[in-house]
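*Asks:* Coordinates for the following, if possible.
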Amino acid sequence: MDFASTKNKWLREIRVFFSNVNWRNTLVFVGFLILAFIFWLMLFFQRDIESSYRLPLKYTNVPDDVVFDYPLPGSIEVRLADKGSEIFRYTFSLRDSIEVDIAKYKDERINNLQGSELTQLIRTQLSQSTNLRAYYPVNISLATSKLQKKELKVVFDGVISTSRSNLVADSATFIPETITAYGSQAQLSELAVAETEYTLFNNLKATSQLKVKIKPVEGIKFIPDQVEIYIPIQEFTERKFEVPITVRNVPENIDVKFFPSQTEVSFSVTLDEYRKIDPEDFAIELDYRKFHNNENGRIELELSESPSAIRNVRFSPASVEFLLESR
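*Replies:* Now for the predicted structure:
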């Protein structure tokens with residue numbers, strides 16, 4: 001049987017099915033079903049209902065130089081009783097956090113939130129008609145201990161890379177450059193700097209100011225725990241010069257020859273500095289006392305003079321052979 005005939009057979013069966021349906025009876029049944037649901041909903045809204053909810057807690061105005069002696073709960077479980085309509089409303093409305101003002105309770109010398117204080121705090125989220133049957137935890141310890149503090153310099157841990165035609169023009173700086181660490185005297189004595197979390201900044205194309213988090217240390221509170229890193233990026237171009245190789249501290253009875261006698265120095269430089277740099281700004285002056293005993297007869301090259309604005313210096317060749325001759 002081909003596809004067309006199969007399709008036609010199914011279409012005929014569907015038409016027969018719908019032609020046999022008693023639409024009037026169906027609509028009556030659906031109407032009664034809707035009315036039954038409405039009556040059930042009305043009964044539910046008028047009945048006394050109990051239900052449990054989890055209310056999030058938010059702690060505010062916490063002094064920077066204290067630590068809580070016991071972990072603070074992030075939420076509180078409550079058992080509520082009220083009319084069905086109010087319980088139904090709570091399903092959608094009890095999502096805002098209960099604010100626990102630490103400074104307020106410290107001023108009132110309350111170190112354990114329980115009884116009437118905790119009940120009153122919970123009831124700020126409830127209607128007057130609602131019966132608060134139970135809650136857990138039944139008390140929240142607000143006891144704290146005083147911390148020592150130490151100013152620490154922020155140090156970057158990570159990698160900064162730029163697009164091909166750009167380079168980091170200068171050292172990255174932080175805003176702020178120092179942060180405050182709070183902890184015990186013993187813990188703080190082990191900290192010399194505040195490191196950032198390991199972070200990758202890839203393919204930067206322009207000067208950027210980005211947020212970076214401070215790496216957590218157990219038992220230490222950092223204020224702030226996030227800083228901004230300022231990364232100066234400039235567009236660079238390539239340039240190269242031939243630079244002669246010279247030598248110093250040579251004994252009078254010795255001649256030194258290099259093969260080759262000069263090298264190609266390639267480097268990156270900003271467009272602003274490009275025309276300010278000349279071959280005379282570079283020098284390769286090797287120290288005879290550092291290489292004359294080299295058994296392989298080669299010496300690695302390095303610049304003895306160069307402009308401060310250049311980056312990514314490369315030599316071609318990077319090392320040369322030398323020959324010592326007596327005069």
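*Asks:* C-alpha only now, for contacts and for neighbours.
*Replies:* Fine.
*Asks:* Need the residues that contact stretch 114-132.
*Replies:* V78, R79, L80, A81, D82, E86, L94, I98, V138, N139, I140 (Cα atoms under 8 Å, 6 or more residues apart in numbering).
*Asks:* and the two most separated of these?
*Replies:* The most widely separated members of those, counting by Cα to Cα, are E86 and I140 (27.6 Å).
*Asks:* quick one: K83 from S52, how far?
*Replies:* Counting by Cα to Cα, to the nearest Å, the gap from K83 to S52 is 14 Å.
*Asks:* Which positions within the helix or strand harbouring V247 qualify as buried?
*Replies:* Using DSSP states H and E, V247 sits in strand 233-248. For strand 233-248, burial by neighbour count (16 or more other Cα atoms under 10 Å) applies to I233, Q234, E235, F236, T237, V243, P244, I245, T246.
*Asks:* Mind checking which of the contacts of stretch 114-132 are buried?
*Replies:* The buried subset of these - by 16+ other Cα under 10 Å - is V78, L80, A81, D82, E86, I98, I140.
*Asks:* following the one helix or strand the fifth one maps to, which helix or strand comes up?
*Replies:* If you go by DSSP H and E, E86 is part of helix 84-93. Later in the chain than helix 84-93, the nearest helix or strand by DSSP H and E is strand 98-101.
*Asks:* what's the neighbour count on E300?
*Replies:* Residues near E300, counting by other Cα atoms under 10 Å, number 12.
*Asks:* That one touches P317, doesn't it?
*Replies:* No: counting by Cα atoms under 8 Å, E300 stays clear of P317, with 9.2 Å between them.
*Asks:* Which strand or helix spans L121?
*Replies:* Applying DSSP H and E, one finds L121 within helix 115-123.
*Asks:* now that helix, how far from the centre of its chain.
*Replies:* Computed by Cα atoms, centre = their mean, to the nearest Å, the chain-centroid distance of helix 115-123 equals 37 Å.
*Asks:* what's the answer for stretch 109-116, then?
*Replies:* 36 Å.
*Asks:* That stretch spans what distance, first to last residue?
*Replies:* 15 Å.
*Asks:* Now it: buried residues?
*Replies:* I110, L113, Q114.
*Asks:* Dump these into JSON lines; add pLDDT and distance to V159 as well.
*Replies:* Listed next are the buried residues of stretch 109-116 as JSON lines, based on pLDDT from 0 to 100; distance: Cα to Cα, whole Å:
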{"residue": "I110", "pLDDT": "90", "distance to V159": "48"}
{"residue": "L113", "pLDDT": "90", "distance to V159": "47"}
{"residue": "Q114", "pLDDT": "90", "distance to V159": "50"}
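*Asks:* which one of the buried ones among the contacts of stretch 114-132 is nearest T263?
*Replies:* I98 (72.2 Å).
*Asks:* gap between the closest one and T144?
*Replies:* With Cα to Cα as the criterion, I98 and T144 are 20 Å apart.
*Asks:* Excluding chain neighbours, give the residue nearest to A194 in space.
*Replies:* In space, A194 comes closest to V154 once its chain neighbours are excluded; the distance is 4.8 Å by Cα to Cα, 6 or more residues apart in numbering.
*Asks:* can you pull out the helices in the stretch 51-200 of the chain?
*Replies:* Remark: helices assigned in the stretch 51-200 of the chain by DSSP state H, counting those that start in this stretch are 84-93, 102-107, 115-123, 185-189.
*Asks:* Adding mean pLDDT and distance to Q148, write these out as TSV.
*Replies:* Below are these laid out as TSV (pLDDT from 0 to 100; distance: least, Cα to Cα, whole Å):
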stretch	mean pLDDT	distance to Q148
helix 84-93	76	42
helix 102-107	90	19
helix 115-123	90	31
helix 185-189	86	6
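*Asks:* mind checking which of the ones you listed is nearest A169?
*Replies:* In terms of Cα to Cα, the element of the helices of the stretch 51-200 of the chain nearest to A169 is helix 185-189, at 34.2 Å.
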